[in-house]
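*Asks:* with the input below, show me the fold.
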Amino acid sequence: MTPTVSRKKALFRLPAITLFICFCFIFIANVLLKPPQPGVDDMKVVEIPPAATATDVARLLKEEGLIRSTHVFRLLGKLTGQETAIQAGQYNLGPAQTPREILQILAEGLTFHREIKVVIPEGYTVRQMARLLEAEGITKEADFLAIAKNGDLDSKYFADMAEAETDWRWEGFFFPDTYLFLPNSPAEEVAQKMLHRLDEVWSEEIKGLTDFPADLKPRELITLASLVEREAKLAEERPLIAAVFYNRLRKDMLLQSCATVQYLFPEQKPELSEEDTTIPSPYNTYLHGGLPPGPIAAPGREAIRAVLRPGNSENLYFLAKPDGSHAFSTTYQGHVNNQRIYQSK
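*Replies:* Numbering: from 1, shown residues only. You can find the predicted model right below:
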């Protein structure tokens, strides 16, 4: 074969090769570079480990159904120079995203911070809150307690200093509610959000009031609400229990709230003894008149409403029944009779 003939055959093959290459690019562009499931809004959290290679990342994305081809994804990463820029972390990705979009997200480190939903129950103490927040991965227990002890937080209604004998400045002022927090949030940020929520609830509940019952200050009302929260089991009884406490305060009687004695123990006791009521503490309302120096727990909205709008009652005593409800009485003899009826067994 002469060189001229070979050259002609080679020239003849060029258009075919070019067409094949063009076809490959068209196939990649139209098929492999498209989202696996266009229009499917099914986002998922994908974690890229710190030690993952580009191959590992491509394989993971393929297994998660987020790309069509590991080879094309790798090639795209090499051509754009983004393959070496992929960052570890958690990402919110979906099958409706193109490989280019996913690669861009991974290269820029646009990690997805999943908010954690946490429910702070009514009647929780700051110690219980701190344990729960750490268990949920929201903030450190020790950091939260440090803020609760004497943190410099902002409040529209409760910024005045606590009594000198108060164990925790912010006990009772972190409103029990459902919250969304980012993982590993600063404790001060978490506490401030919960305190602001109490400000909001307080602002709503005091609307229409011209003065506060018994001329109590906002901090004192939250203290009283915390007693109501821990004593009452039924919502409809909260205003009645609040009325008992107000009646006792008015008559200079000891409040004698078991809940204030329970507060003296790390964990609530199933039943208090008579000896427990003699524990020396400013929080023990069996020994000290008036309100304790600060709240004993975080009152919910119903308890706050009860102390702002107590029931119309002359009762001075209440006694827990086996079913969780209470028996009320206006006299000590009536209280003794209730003890005989409900505590005889």
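*Asks:* contacts for stretch 202-216?
*Replies:* The contact list for stretch 202-216 (Cβ atoms under 8 Å, 6 or more residues apart in numbering) reads 156-157, 218, 221, 224, 246, 249-250, 301, 304-305, 307-308, 310. C-beta coordinates here come from the backbone N, C-alpha and C atoms, glycine included.
*Asks:* one more: stretch 42-62?
*Replies:* 64, 66-71, 73-74, 77, 83-84, 86-96, 102, 106, 112, 114.
*Asks:* looking at it, Thr223 is touching Gly172, isn't it?
*Replies:* Yes: between Thr223 and Gly172 a contact is recorded at 6.8 Å, counting by Cβ atoms under 8 Å.
*Asks:* give me the common contacts of those two.
*Replies:* 294-296.
*Asks:* so which strand or helix has Tyr91?
*Replies:* Per DSSP states H and E, Tyr91 falls inside strand 89-93.
*Asks:* how many residues are close by Val46?
*Replies:* Neighbours of Val46 under the rule other Cβ atoms under 10 Å: 20.
*Asks:* now do the contacts for the nearest residue to His288 once chain neighbours are set aside.
*Replies:* Using Cβ to Cβ, 6 or more residues apart in numbering and skipping the chain neighbours, the partner closest in space to His288 is Pro282 (5.9 Å). Pro282 makes contact with 165, 288, 292-293 under the criterion Cβ under 8 Å, 6+ apart.
*Asks:* any idea how far Ala232 lies from Leu216?
*Replies:* For Ala232, the distance to Leu216 equals 18 Å [Cβ to Cβ, to the nearest Å].
*Asks:* and for the nearest residue to Gly311 once chain neighbours are set aside, the neighbour number?
*Replies:* In space, and not counting its chain neighbours, Gly311 is closest to Pro239: 3.7 Å by Cβ to Cβ, 6+ apart. Neighbours of Pro239 under the rule other Cβ under 10 Å: 21.
*Asks:* could I get the full set of strands for the protein?
*Replies:* For the chain, the strands defined by DSSP state E occupy 44-48, 89-93, 116-119, 178-181, 317-320, 326-329.
*Asks:* partners of the last one, with directions?
*Replies:* Here strand 326-329 is paired, per DSSP bridges, with strand 317-320 (antiparallel).
*Asks:* who's in contact with the closest residue to Val126 other than its chain neighbours?
*Replies:* Spatial nearest neighbour of Val126, chain neighbours left out: Ala148 (4.0 Å); criterion: Cβ to Cβ, 6+ apart. Taking Cβ under 8 Å, 6+ apart, we find Ala148 in contact with 126, 129-130, 168-171, 174, 191.
*Asks:* which of the contacts of stretch 42-62 are buried, as a ChimeraX select command?
*Replies:* Buried members of these, defined by 16 or more other Cβ atoms under 10 Å, are picked up in ChimeraX with:
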select :66,67,68,69,70,73,74,77,83,86,89,91,93,94,95,96,102,106
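*Asks:* mind listing which of the contacts of stretch 42-62 are in helices?
*Replies:* 70-71, 73-74, 77, 102, 106 (DSSP state H).
*Asks:* hang on, the earlier thing: pretty sure the residue nearest to Gly311 contacts Ile304?
*Replies:* No: contact criterion Cβ under 8 Å: Pro239 and Ile304 do not qualify, at 11.4 Å.
*Asks:* for the stretch 101-250 of the chain, give me the ranges with low pLDDT.
*Replies:* Residue ranges of the stretch 101-250 of the chain with pLDDT under 70: 113.
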